[in-house]
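Visitor: Return atomic coordinates for the entry below.
(2 chains)
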2 protein chains.
Amino acid sequence: MHADNANFQAGLSKVESYEMLVMSLEGLLVENWVSNLANTASLLWHHFHSQPSPQKDVNWAGFYTTATANQLALGPFMGKVACQTIDFGRGVCGAAAATGKTQIVQNVHSHPDHIACDGDTKSEIVVPIINEGRIVGVIDIDCTELNGFDQVDAEWLEKIARLLAPSFKASTQ
Amino acid sequence: MHADNANFQAGLSKVESYEMLVMSLEGLLVENWVSNLANTASLLWHHFHSQPSPQKDVNWAGFYTTATANQLALGPFMGKVACQTIDFGRGVCGAAAATGKTQIVQNVHSHPDHIACDGDTKSEIVVPIINEGRIVGVIDIDCTELNGFDQVDAEWLEKIARLLAPSFKASTQ
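Guide: Residues are numbered from 1 along each chain as shown, chains lettered A, B, ... in the order given. This is a model prediction of the structure:
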């Protein structure tokens, strides 16, 4: 059953759990980008919550997609209600979208331009999704603990971004 | 902050909680249908989980949207990984899409054509979203208890479907 893909075994290492996630994702991908992002948000949420702290303290996992030339729009996610739009260059998501580079912020309250959708968030990682040279969206993960993310997260989330990129089509955004 | 919209007070009656949800939703709606469905899935999830059983036993809350003439595609949701497509007429979602009528199933295992995305689901409500006479999608809520939903849910979810309907555009599906 599809839901079983979200049942990550307890006790897996961080890398083993990401490997499970990517294996599930490869089996779930379809043409429809909204469906892909919705199921991926679920996989990410359940992956993080199967791991010890700080990973299990992830309070938001999802996507913003490029809505217009200079603005991101909220996409599928797991967590509390979020900001609907983010201008390129604004906050951590906007920095990833403007630069095309993964952003890891160990303490969002010391980030000069953090957008506080949720005051409980303390650290954040944002990974751009790039299709044929164009930023089509970002993966955004928030955590209620400081130092929630590291280079291992960056590498695996960048791999996930590459898997998701082909299903984005300009006409659907 | 946006996340505060997902903080439903404990102790509200079911109707009071739905009133809160609708008030929040009216303030959050934007033009982008994906953003609207993503935030609405979060509102629905947190509304149900602030209520006593069986409402707090909701294990999936989200959307399928009309992808082609006869098929629904998975949209934004909260919960475990779900089936990516559902043909019109198949299962409870497909029945709502084919008939344009709200479906309440008190025991999915006695439903002749239930699609088991998650074996834990025991009851389900599906409400069509209708824009200018066309079924543009459905709201789908699953519960791990029998008899999870009633006419009060049907009435409020139909109101939410009417609020969401205008942001659907044929070109974006």
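
Visitor: quick one, strands of chain A?
Guide: Secondary structure of chain A, counting by DSSP state E: strands at A:58-68, A:71-79, A:85-87, A:103-105, A:123-131, A:134-143.

Visitor: Now that we have these, can you turn them into CSV and tack on mean pLDDT, mean neighbour count and distance to chain B?
Guide: In short, each C-beta sits where N, CA and C put it, glycine included. Output for the strands of chain A, formatted as CSV (pLDDT from 0 to 100; neighbours: other CB atoms under 10 Å in any protein chain shown; distance: least, CB to the nearest CB, whole Å):
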stretch, mean pLDDT, mean neighbour count, distance to chain B
strand A:58-68, 95, 23, 6
strand A:71-79, 97, 26, 4
strand A:85-87, 94, 18, 7
strand A:103-105, 96, 21, 17
strand A:123-131, 96, 24, 14
strand A:134-143, 96, 25, 10
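
Visitor: now these in a markdown table, with distance to B:Lys101?
Guide: As requested, these are arranged in a markdown table below (distance: least, CB to CB, whole Å):
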| stretch | distance to B:Lys101 |
| --- | --- |
| strand A:58-68 | 32 |
| strand A:71-79 | 27 |
| strand A:85-87 | 35 |
| strand A:103-105 | 47 |
| strand A:123-131 | 38 |
| strand A:134-143 | 35 |
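
Visitor: Among these, which comes closest to B:Leu12?
Guide: Proximity of the strands of chain A to B:Leu12 was assessed by CB to CB; the nearest stretch is strand A:71-79, lying at 21.3 Å.

Visitor: Tell me the pLDDT of the residue lying closest to A:Ser50 once chain neighbours are set aside.
Guide: Residue nearest to A:Ser50 in three dimensions, not counting chain neighbours: A:Phe8, with 3.6 Å by CB to CB, 6 or more residues apart in numbering or on different chains. What the model reports for A:Phe8 is a pLDDT of 93.

Visitor: A:Phe8 and A:Glu16, how far apart?
Guide: 9 Å (CB to CB, to the nearest Å).

Visitor: more neighbours, the two?
Guide: Each of A:Phe8 and A:Glu16 had its neighbours counted (other CB atoms under 10 Å in any protein chain shown), and the higher figure belongs to A:Phe8 (20 against 12).

Visitor: Contacts only, for that one.
Guide: Applying CB atoms under 8 Å, 6 or more residues apart in numbering or on different chains, one finds that A:Phe8 lies in contact with A:17, A:20-21, A:46-47, A:50.

Visitor: how near is it to A:Phe48?
Guide: 9 Å.

Visitor: Tell me, how many residues neighbour A:Ala69?
Guide: 6.

Visitor: What distance do you get for it to A:Ala165?
Guide: Using CB to CB, we find A:Ala69 at a distance of 19 Å from A:Ala165.

Visitor: Which residue comes closest to the residue nearest the centre of chain A once chain neighbours are left out?
Guide: Against the mean C-alpha coordinate of chain A, by CA atoms, centre = their mean, the closest residue is A:Ile139 at 2.7 Å. What sits nearest to A:Ile139 in space, not counting adjacent residues and going by CB to CB, 6+ apart, is A:Val127, at 4.5 Å.

Visitor: got a pLDDT number for A:Ser17?
Guide: As predicted, A:Ser17 sits at a pLDDT of 97.

Visitor: Sorry, slip of the keys, the one I care about is A:Ser110.
Guide: Model confidence at A:Ser110, expressed as pLDDT, equals 88.

Visitor: Name whatever forms a beta bridge with the residue nearest to the centre of chain A.
Guide: As for beta bridges, A:Ile139 partners with A:Phe63, A:Val127 under DSSP bridges.

Visitor: those helices in chain A, which residues are they?
Guide: Listed in chain order, the helices of chain A (DSSP state H) span residues A:14-28, A:33-49, A:91-99, A:151-164.

Visitor: ok, A:Glu65 touching A:Gly75?
Guide: Slight slip there: residue A:65 is Thr, not Glu. Yes. In this structure, A:Thr65 sits in contact with A:Gly75. The criterion is CB atoms under 8 Å, and the distance is 4.7 Å.

Visitor: Need the overlap of contacts for the two.
Guide: A:37, A:137, B:34.

Visitor: Redo those residues as a markdown table? Include distance to B:Cys143.
Guide: Supplementary listing: those in a markdown table, determined by distance: CB to CB, whole Å:
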| residue | distance to B:Cys143 |
| --- | --- |
| A:Leu37 | 25 |
| A:Gly137 | 32 |
| B:Val34 | 25 |
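
Visitor: coming back round to it: find the residues that touch each one of A:Phe8 and A:Phe48.
Guide: Listed contacts common to A:Phe8 and A:Phe48 are nil; contacts here mean CB under 8 Å, 6+ apart.

Visitor: that older thread, so which of the strands of chain A is nearest A:Leu28?
Guide: strand A:71-79 (13.2 Å).

Visitor: other SSEs contacting that closest one?
Guide: Contact analysis of strand A:71-79 by 3 or more CB pairs under 8 Å, 6 or more residues apart in numbering or on different chains; DSSP states H and E lists helix A:33-49, strand A:58-68, strand A:85-87, helix A:91-99, strand A:134-143, helix B:33-49, strand B:71-79 as its packing neighbours.
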